[in-house]
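*Asks:* Next one to model:
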Amino acid sequence: MTLDRAVMVFAGIMTLLSVALTLWVSPLFMWFTVFIGFNMIQSSFTGFCPAAIVFRKLGVKTGCAFQ
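*Replies:* Numbers count the residues shown, from 1 in each chain. Okay, the predicted model is just below:
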């Protein structure tokens, strides 16, 4: 699995988790969903992604998006 795919999988899991927490725990978890969306948008413009940095340090091989 490349870094690009790992980041997309992680973002998807976190989005689904935040929606589940919003539904079953507290509506305030909607802000977690907003934060995830904001992070995805800013990383598409800047190329800076905190999750990519963590996955790279864990040894996931680099793809073409986060070099």
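*Asks:* Could you list the low-pLDDT ranges of the chain?
*Replies:* 65-67 (pLDDT under 70).
*Asks:* center of it - which residue?
*Replies:* With distances taken as Cα atoms, centre = their mean, Ala11 lies nearest the centre of the chain, 3.1 Å away.
*Asks:* Skipping its backbone neighbours, what lies nearest it in space?
*Replies:* Of all residues not flanking Ala11 in the chain, Met40 sits nearest, at 5.8 Å (Cβ to Cβ, 6 or more residues apart in numbering). Placement of C-beta: from N, CA and C, glycine included.
*Asks:* Name the helix or strand for that neighbour, please.
*Replies:* helix 30-46 (DSSP states H and E).
*Asks:* Give the burial count for Val7, as a bare number.
*Replies:* 23 (other Cβ atoms under 10 Å).
*Asks:* cool, Val54 as well?
*Replies:* 13.
*Asks:* returning to that earlier point: so how far is the helix holding Met40 off the chain centroid?
*Replies:* 8 Å (Cα atoms, centre = their mean, to the nearest Å).
*Asks:* Would you mark the buried spots in that helix?
*Replies:* For helix 30-46, burial by neighbour count (16 or more other Cβ atoms under 10 Å) applies to 32-33, 36, 39-40, 43.
*Asks:* Give me the angle between the helix or strand just after that helix and helix 30-46.
*Replies:* Later in the chain than helix 30-46, the nearest helix or strand by DSSP H and E is helix 50-57. Counting by axes from the mean of the first three to the mean of the last three Cα atoms, to 10 degrees, helix 50-57 lies at 70 degrees to helix 30-46.
*Asks:* Look up the closest residue to Cys64, ignoring the ones flanking it.
*Replies:* Asp4 (6.6 Å).
*Asks:* Specify the angle between the host helix or strand of that neighbour and helix 50-57 in degrees.
*Replies:* In the assignment (DSSP H and E), Asp4 maps to helix 3-24. Orientation check (the same axes, to 10 degrees): helix 3-24 against helix 50-57 gives 130 degrees.
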